[in-house]
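S.K.: just a sequence and a predicted model for now, questions to come.
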Amino acid sequence: MATIRIPYGRTHLTAALDEKNLLGIFHSTLPSQAENESAEVSRALDTPIGSRKLEELARTAGSAVVISSDHTRPVPSRILMPQILERLRRNNPAIDVTILIATGFHRLTTKEELINKFGEEIVAREKIVVHDSSDSSQLISIGTLPSGGALIVNKRAVETDLLVAEGFIEPHFFAGFSGGRKSVLPGIASRETVLANHCSEFIMSPYARTGILEGNPIHRDMVYAARAAKLAFIVNVVIDSDKKIIAAFAGHFEAAHKTGTEFLGKYARIEVPEVDIVITSNGGYPLDQNVYQAVKGMTAGEAVCRKNGVIILCASCCDGHGGESFHKHLRDASPERILAEAAKVPRDKTEPDQWEYQILARILAKHTVILVTTDCDHRMLREMKLEAASTLEEALARAFQLCGGEARVAVIPDGVSVIAAKRKS
């Protein structure tokens, strides 16, 4: 028997699996974490890609806004933010700095979550604003996206002299990769702009998939938005499964992000034989706090699971479903009906959470998904057309019941850290 270990919340779930069923355990092949995480960030800031150093950009600026990811992202801000702030003030101690929390379409970040993210000192000392995509008093229009949607973003980002962003680069299930331009769209964009960018037409594009930037219409809009907002400098990192920094990339938002995605792509791509059952996760906390986010991990299973196979997704989902509209649509309609209705929605009529329930419906139309959790209401999960299990063993027993005792199993411990594809025979 083989023992498998899957991230779950702040811990792991384990189970025994007969080796005759197990085709393999598939990880990214990322190098080890940096010997000194802080020094790696400093190195990146000392050698920016496609840009002058941050302290030089800040020398004559009266103000700066630093976009920072919210509570749903494991960005190591306790390492990144102090260095960014020091560089901004190195040659310009009087610069007026605001940290802008990029909540995108998520709920607002709480003070407790800010302290957990930055530490008490930064929260007490710095000016921090939490972006609210629905608060018109925070927003300003700066043009039209290539897709035709209105480009409306947080006015603090537009009115500042220097716009900077911190973040991390990981595979993303429809934007190709996270990081870089995503700090602006969806990070600090209006509700209207996010909805236009995440339209059903774009979500259906075969290029709107994990690890793909070329030809990706969602990525194209995002790059345009970052240019229009004049995002000048980014500090992005690639992290391991323990959320430790492996490599840092700083500089111009396009050049530095491109270098970072090329680095990650070399290690994150995995080829997996087509299987009957896939066991995966959303990488544990903070990415597995709700079902909405957990769809990302499911897409890794979708990429390699046979039609009518089973995807087992281990995720705490302690925050519930993650979106009222997301929950309602999955509860009230079949996956097939959701897909048919979403396909009819024009770009400018996108509904809240439409992209997320559209992708989950796409998965559920071809696969059974069993979500393993003891922190979330199983009844609610069943309403959303998911099966629920309290243990990984229980989920495996159900999967073998559906697929047969000889079912082939692939384990992808962290589904959001890989770019999965079926191995060509």
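M.R.: Sure, I can see it.
S.K.: low pLDDT regions in the stretch 51-200 of the chain?
M.R.: Along the stretch 51-200 of the chain, no part satisfies pLDDT under 70.
S.K.: how about the helices in it?
M.R.: Along the stretch 51-200 of the chain, counting by DSSP state H, counting those that start in this stretch, helices occupy 54-57, 77-90, 111-118, 120-125, 155-159, 191-197, 200-204.
S.K.: which ones are touching residue 88?
M.R.: Contact analysis of residue 88 by Cβ atoms under 8 Å, 6 or more residues apart in numbering lists 54, 55, 58, 64, 66, 95, 97, 162, 164. Bear in mind the C-beta positions are built from the backbone N, C-alpha and C, glycine included.
S.K.: repeat for residue 241
M.R.: So residue 241 contacts 7, 283, 284, 413, 414, 417 (Cβ under 8 Å, 6+ apart).
S.K.: these in strands, which ones?
M.R.: Counting by DSSP state E, these place residue 7 in strands.
S.K.: now, which of the contacts of residue 241 lie within helices?
M.R.: Using DSSP state H, the subset of the contacts of residue 241 located in helices is empty.
S.K.: now for the contacts of residue 241: which two are most distant?
M.R.: Within those, 284 and 417 form the most distant pair, 10.7 Å apart (Cβ to Cβ).
S.K.: so for residue 359, which of the helices of the stretch 51-200 of the chain sits nearest?
M.R.: Closest among the helices of the stretch 51-200 of the chain, once you apply Cβ to Cβ, is helix 200-204, at 6.5 Å.
S.K.: just how off-centre is the following helix or strand past the closest one within its chain?
M.R.: For helix 200-204, the following helix or strand on the C-terminal side (DSSP states H and E) is helix 217-228. In this view, helix 217-228 has its centroid 17 Å away from the chain centroid, taken as Cα atoms, centre = their mean, to the nearest Å.
S.K.: ok, back up a step: could I get the contacts of residue 241 as TSV with neighbour count?
M.R.: Shown next, in TSV, are those (neighbours: other Cβ atoms under 10 Å):
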residue	neighbour count
7	27
283	26
284	26
413	22
414	22
417	27
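S.K.: from the contacts of residue 241, which single one is nearest residue 114?
M.R.: residue 284 (20.9 Å).
S.K.: leaving out the residues flanking it, which one is nearest to the closest one?
M.R.: residue 7 (3.4 Å; Cβ to Cβ, 6 or more residues apart in numbering).
S.K.: how long is stretch 95-114 end to end?
M.R.: Taking Cα to Cα, to the nearest Å, the first and last residues of stretch 95-114 lie 22 Å apart.
S.K.: go through it and flag the buried ones.
M.R.: Neighbour counts over stretch 95-114 (16 or more other Cβ atoms under 10 Å) mark 95, 97-106, 109, 113-114 as buried.
S.K.: closest one of those residues to residue 49?
M.R.: Distance to residue 49, by Cβ to Cβ, is smallest for residue 102 among the buried residues of stretch 95-114, at 21.5 Å.
S.K.: close enough to count as contact, the closest one and residue 131?
M.R.: Yes: using Cβ atoms under 8 Å, residue 102 is in contact with residue 131, at 6.0 Å.
S.K.: now for these two: what residues contact both?
M.R.: 187, 188.
S.K.: columns distance to residue 243 on top of the helices of the stretch 51-200 of the chain, output as TSV?
M.R.: Converted to TSV, those look like this (distance: least, Cβ to Cβ, whole Å):
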stretch	distance to residue 243
helix 54-57	24
helix 77-90	11
helix 111-118	12
helix 120-125	18
helix 155-159	26
helix 191-197	26
helix 200-204	28
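S.K.: so which of these is the most packed in?
M.R.: Highest mean neighbour count of the helices of the stretch 51-200 of the chain: helix 191-197, a mean of 23 (counted as mean count of other Cβ atoms under 10 Å).
S.K.: for that one, output the C-alpha coordinates as CSV.
M.R.: What follows is helix 191-197 as a C-alpha-only set of coordinates in CSV (Å, rounded to 0.1, in the frame of the first residue of the first chain):
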residue,chain,number,x,y,z
ARG,A,191,-17.4,45.3,-10.5
GLU,A,192,-18.5,46.3,-14.0
THR,A,193,-15.0,45.9,-15.4
VAL,A,194,-14.4,42.5,-13.8
LEU,A,195,-17.7,41.2,-15.1
ALA,A,196,-16.8,42.3,-18.7
ASN,A,197,-13.4,40.7,-18.5
